[in-house]
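Asks: The following block contains a protein sequence and its predicted model.
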Amino acid sequence: MPVLAADPGAFVENVVRFPAGLAAVSSPAASPLPGHLLASTGPTGTILAFAMLGTAALAVTGWLLYRPPRTGADALLRIAVGLGASTMLTPTTRFGYLVYVSVLLGTMWVFRDRATAAPSGTAEPGSDTTPGRAPLTSS
């Protein structure tokens, strides 16, 4: 986060306040996503959108703590779910940000397939055996 270190005010304005609809400049984007639709109903809708966003953040945090990712694919899934929830529930978001979620899910799918595609009978890392060979022993 070099931008956070260089200019914390700009970081907060662009990463926190703008997506939340609280920045000095408002987004011209009209989105069909739930967070925007709720926020467009008025102050109560905005509060409800933020409450849902906070609930989603707590749910993803709980998921991370209860079941930490064990593989790269697991980590990508959790990142995609968190980013997807954020994109869906933030009051001023753009539909196009869901492209990032789809890329993360596609990458997760590739990593998951690579992990399950390992040939059977191969030695596990750190073992002293190679398929088709007897283990090394000292005599």
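Replies: Structure received.

Asks: So which residues make contact with the helix or strand encompassing A73?
Replies: Mapping A73 onto the secondary structure by DSSP states H and E places it in helix 72-89. For helix 72-89, contacts defined as CB atoms under 8 Å, 6 or more residues apart in numbering pick out 19, 33-35, 49, 52-53, 56-57, 59-60, 63-64, 69, 93, 97-98, 100-101, 104-105, 107-109, 111-112, 115. Glycine gets a C-beta too; all of them are placed from N, C-alpha and C.

Asks: Quick one, which of those residues are buried?
Replies: When neighbours are counted using 16 or more other CB atoms under 10 Å, the contacts of helix 72-89 contain these buried positions: 19, 33-35, 49, 52-53, 56, 60, 93, 97, 101, 104-105, 108, 111-112.

Asks: Distance from the chain centre to the helix or strand of the chain with the lowest mean pLDDT, please.
Replies: Taking mean pLDDT, DSSP states H and E as the measure, the helices and strands of the chain show their lowest mean at helix 18-20, namely a mean of 79. For helix 18-20, the distance between its averaged C-alpha position and the chain's averaged C-alpha position is 18 Å (CA atoms, centre = their mean, to the nearest Å).

Asks: Poorly predicted segments of the chain, please.
Replies: Flagging of the chain using pLDDT under 70 yields the residue ranges 1, 29-30, 114-139.

Asks: can you pull out the helices in it?
Replies: Taking DSSP state H as the criterion, the chain contains helices spanning 2-6, 8-11, 18-20, 34-39, 43-66, 72-89, 98-116.

Asks: The residue nearest the centre of the chain and P28: what is the separation?
Replies: The centroid of the chain falls nearest to I79 when counting by CA atoms, centre = their mean (1.9 Å). Taken as CB to CB, to the nearest Å, the spacing of I79 relative to P28 amounts to 28 Å.
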